[in-house]
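Undergrad: Quick check, what structure comes out for this input:
(chains A and B)
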There are 2 protein chains.
Amino acid sequence: MKDILFERVYLLGTGLIGGSLALDLRERGLVGRLLGSDVDPVAQAQALELGILDEEAPFDEDTLAGCDLIILSVPVVAIESIIRSGFPPQALITDVGSVKLPLIKAFRESVDSGSSYRYVPGHPIAGDEKSGPTAARAGLFKGARVIITPVEDNDDDVEVIAHMWQRVGSVVEVMDPELHDELFAWVSHLPHMAAYGIVDSVLKKDESWVSFSGGGLRDYTRIASSNPAMWADIAISNRKYLLRAVKDLGVRLGEIEELISAGDREDLVEFFEKIAKIRRKMK
Amino acid sequence: MKDILFERVYLLGTGLIGGSLALDLRERGLVGRLLGSDVDPVAQAQALELGILDEEAPFDEDTLAGCDLIILSVPVVAIESIIRSGFPPQALITDVGSVKLPLIKAFRESVDSGSSYRYVPGHPIAGDEKSGPTAARAGLFKGARVIITPVEDNDDDVEVIAHMWQRVGSVVEVMDPELHDELFAWVSHLPHMAAYGIVDSVLKKDESWVSFSGGGLRDYTRIASSNPAMWADIAISNRKYLLRAVKDLGVRLGEIEELISAGDREDLVEFFEKIAKIRRKMK
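TA: Numbering: from 1, shown residues only, chains lettered A, B, ... in the order given. Below is the predicted model of the structure:
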């Protein structure tokens, strides 16, 4: 017996996150029909071929009015402008953006301009440096955390979206959007900026040296190989918190410089040991 | 038919690198008998049990005089003081330290004080955040680069040590020791310091946030979980070059801050793209 959550879903953006969610929804029989599109015609063709979409359909009012869920799985700057421009009345919208405050701000502006759609901001913590429909796979969200940062007065909608994510194996956590953006500035966006910084340091010093990356640089080049446009969007969208985090890293590096300069082995061991044991705690 | 390179080898330090080399030397029949010791009695017992050592033997003049190769596989500060204190005449010494200049300086001081042993500084680029004899495994060096940074006038000895590493599957590269230390300050030691810095940033901000490490922080906590004492030694031994690299990273992060502040998406995409494509070049 089928347990359909949504009769018609519209997926905007058929990349790793959106594509994987679509595959999961279909595999688990949670969706009747999957419509959608991708701004990139190659990606859109792949999405049809890979069974991410049942049908290509334009992202227009008529189509969207006939869907009971619209998933925005495009870069965060694109989500922001789409949300701002509004949706048909009572449409249920969710997204997968890594930054939430600008999206909620755009939603409120849209509501202030007379829109009456329903929005549940979401952020699945999944994916890596791969991207595109060909990277999508069912099961990507199994055990993954999904953060929902609700706008006011839509507990029922939050429950629907939370249930969807739980049905594809995720652990849903509800979080204040400001806390979300600050937290991810530190644990996700800062590490990516640092990876860019480190690889840039080595490149500017001597480009040929990156081939010696077995000794530590390899992880950074991998992190820094993520989708550049997506990360530019994230950095700009979350710049308030991200700039504070990047500045703080500068301070921490200064402290490490001082410890190394001072050359006190015991102090350095103690400092490194304190950090090393966090990993053991995480397990 | 056996093809023994060394009748008796003394291994000082039975951790990941030394232990793995010992296992490889035995498995490939390149060594007659493996003597050795570890300052840590637990590691030494494990080394005997795991077949890393045939025999525990004191690190003293009598024992060493009877060995045709002595491998120093201990932290780089310990290698430095051991080298400085000298070896029996004509003994052949190699090491696996990640920093080379202080070791070569110690060797020269030892020679100036009348020693006449033979030293081939080596640095296998292998291993990760695991350590100890239980992490050791045959095959660790297969395909790995091993850098040799020769002292003067011992081409024959360099050839012997290079041959040993080649026989366990490594690719040997001869390099000037100053270049070595500067290069590894950037491609290995800097990335480790940055990982400590990033994890420290997050810890100081909010320790509970490290549990959200799926979004980028995870790789850093792994890198920062490496042996703290070993990294303190490396940082202090290579501080001249490492401090320059850490300062440079601060400059690069400042540039990224400016790019984010300016909020020009195209500039940011271009900058990230330039860095992201290095990874693709590496493959």
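Undergrad: what sits up against stretch A:230-249?
TA: A:75-78, A:80, A:97-99, A:101-102, A:131, A:181-182, A:184-186, A:189-190, A:192-194, A:196, B:197-198, B:201, B:204-205, B:253, B:256-257, B:259-261, B:263, B:265, B:268-269, B:272 (CB atoms under 8 Å, 6 or more residues apart in numbering or on different chains). For the C-beta atoms, the positions are set from N, CA and C on the backbone; glycine is no exception.
Undergrad: Dump it to CSV, restricted to CA.
TA: Extracted as CSV, the C-alpha positions of stretch A:230-249 are listed here (Å, rounded to 0.1, in the frame of the first residue of the first chain):
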residue,chain,number,x,y,z
MET,A,230,27.5,27.9,-4.5
TRP,A,231,30.2,29.0,-2.1
ALA,A,232,30.3,32.5,-3.4
ASP,A,233,26.5,32.7,-2.8
ILE,A,234,26.8,31.3,0.7
ALA,A,235,29.7,33.6,1.6
ILE,A,236,27.8,36.7,0.5
SER,A,237,24.5,35.6,2.0
ASN,A,238,26.0,34.9,5.4
ARG,A,239,28.7,37.5,5.4
LYS,A,240,27.7,39.1,8.7
TYR,A,241,28.5,36.0,10.7
LEU,A,242,31.1,34.6,8.3
LEU,A,243,33.3,37.7,8.5
ARG,A,244,33.3,37.5,12.3
ALA,A,245,34.3,33.9,12.1
VAL,A,246,37.1,34.5,9.6
LYS,A,247,38.4,37.4,11.7
ASP,A,248,38.4,35.1,14.8
LEU,A,249,40.4,32.5,12.9
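Undergrad: following the helix-or-strand element of chain A with minimal mean pLDDT, which helix or strand comes up?
TA: Scoring the helices and strands of chain A by mean pLDDT, DSSP states H and E places helix A:217-223 at the bottom, with a mean of 86. The helix or strand immediately downstream of helix A:217-223 is helix A:228-237, counting by DSSP states H and E.
Undergrad: quick one: average pLDDT of that following helix?
TA: Averaging pLDDT along helix A:228-237 gives 93.
Undergrad: Buried ones in the helix or strand that it is followed by, by neighbour count?
TA: Next helix or strand after helix A:228-237 toward the C-terminus (DSSP H and E): helix A:239-262. Residues of helix A:239-262 classed as buried by neighbour count (16 or more other CB atoms under 10 Å in any protein chain shown): A:239, A:241-243, A:245-246, A:248-250, A:252-253, A:256-257, A:259-260.
Undergrad: you'd agree residue A:146 is in a strand?
TA: Yes. With DSSP: H, G, I helix; E, B strand; the rest coil as the criterion, residue A:146 is assigned to a strand.
Undergrad: Tell me what it is bridged to.
TA: Beta-bridge pairing of residue A:146, defined through DSSP bridges, involves residue A:124, residue A:172.
Undergrad: ok now do it, which residues does it touch?
TA: Residue A:146 touches A:122-125, A:162, A:165, A:170-173, counting by CB under 8 Å, 6+ apart.
Undergrad: do you know how far residue A:117 is from residue B:233?
TA: Look at residue A:117 and residue B:233: by CB to CB, to the nearest Å, they are 60 Å apart.
Undergrad: so what secondary structure elements neighbour the least confident helix or strand of chain A?
TA: With contacts taken as 3 or more CB pairs under 8 Å, 6 or more residues apart in numbering or on different chains; DSSP states H and E, helix A:217-223 sits against helix A:190-205, helix B:190-205, helix B:217-223, helix B:265-282.
Undergrad: I'd like to know which elements the first one is packed against.
TA: Helices and strands in packing contact with helix A:190-205 are listed as helix A:217-223, helix A:228-237, helix A:239-262, helix B:190-205, helix B:217-223, helix B:239-262, helix B:265-282; criterion 3+ CB pairs under 8 Å, 6+ apart.
Undergrad: so which of the ones you listed gets nearest residue B:13?
TA: helix B:190-205 (20.1 Å; CB to CB).
Undergrad: Can you check what angle separates the closest one from helix A:190-205?
TA: 150 degrees (axes from the mean of the first three to the mean of the last three CA atoms, to 10 degrees).
Undergrad: Give me the angle between helix B:190-205 and helix B:228-237.
TA: Angle of helix B:190-205 versus helix B:228-237, following the same axes, to 10 degrees, is 120 degrees.
Undergrad: ok, which stretches of the stretch 1-150 of chain A are strands?
TA: Using DSSP state E, counting those that start in this stretch, the strands of the stretch 1-150 of chain A run over residues A:6-12, A:31-37, A:55-56, A:69-72, A:92-95, A:118-120, A:122-124, A:145-148.
Undergrad: Spell out which parts of the stretch 1-150 of chain A neighbour chain B.
TA: Applying CB under 8 Å from any CB of the partner chain, one finds that the stretch 1-150 of chain A approaches chain B through A:77, A:98, A:125-126, A:144-145.
Undergrad: Noted, bye for now.
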